[in-house]
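Q: no letters, just coordinates:
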């Protein structure tokens with residue numbers, strides 16, 4: 001197992017919320033992460049579609065794992081999301097975080113949330129602050 005996967009495994013082991021979401025780690029590489037989960041009934045809002053916080057949370061976890069996989073502790077300082085299609089109970093969704101820019105202190109990531117058929121459900125942008133602290137794995 002390489003260092004990025006070790007870092008994400010360490011993070012995930014302490015991440016009760018990502019576990020509650022049912023997140024599976026699909027791919028982890030430096031500055032990149034793909035996660036997968038299924039929308040459950042308790043995640044639905046009053047319209048019978050997934051609460052916006054569900055796709056946001058999935059994307060936020062992908063951001064956290066991708067940005068920390070570089071080896072430095074990274075914390076989000078700004079995030080935003082645009083919801084482009086509803087998610088429904090039983091939908092299998094993936095979030096793919098891709099690093100767009102990374103400097104010594106700041107990283108910028110784009111996360112695409114997609115349904116199993118490839119339809120784009122949300123676009124998430126995240127900016128992280130990269131601390132000087134290294135991950136010990």
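A: Looks like it arrived, so ask away. What you see is a predicted model, and the numbers here were worked out from it, not measured in a lab.
Q: now do the contacts for residue 99.
A: By Cβ atoms under 8 Å, 6 or more residues apart in numbering, the residues touching residue 99 are 31, 32, 66, 67, 70, 107, 108, 109. C-beta here means a position set from N, CA and C on the backbone, and glycine is covered the same way.
Q: mind listing which of those residues are in strands?
A: Judged by DSSP state E, the contacts of residue 99 include 32, 107, 108, 109 as members of strands.
Q: partners of the longest strand along the chain in the sheet?
A: Identified as the longest strand of the chain according to DSSP E is strand 120-134. With DSSP bridges as the test, strand 120-134 is paired with strand 72-83 (antiparallel), strand 106-115 (antiparallel).
Q: most tightly packed of these?
A: Of these, the one with the most neighbours on average (mean count of other Cβ atoms under 10 Å) is strand 106-115, at a mean of 20.
Q: out of the ones in strands among the contacts of residue 99, who's nearest residue 128?
A: residue 107 (4.6 Å; Cβ to Cβ).
Q: tell me the mean pLDDT for the longest strand of the chain?
A: The average pLDDT for strand 120-134 rounds to 97.
Q: equivalent analysis for stretch 106-113, please.
A: Stretch 106-113 carries an average pLDDT of 98.
Q: gap between it and the chain center?
A: 9 Å (Cα atoms, centre = their mean, to the nearest Å).
Q: what does it contact?
A: For stretch 106-113, the external contacting residues (Cβ under 8 Å, 6+ apart) are 31, 55, 58-59, 62-63, 66-67, 70, 74, 93-102, 120-130.
Q: repeat for stretch 63-79
A: 3-4, 7-8, 11-12, 25, 28-33, 35, 56, 60, 97-99, 102, 107, 109, 111, 124-135.
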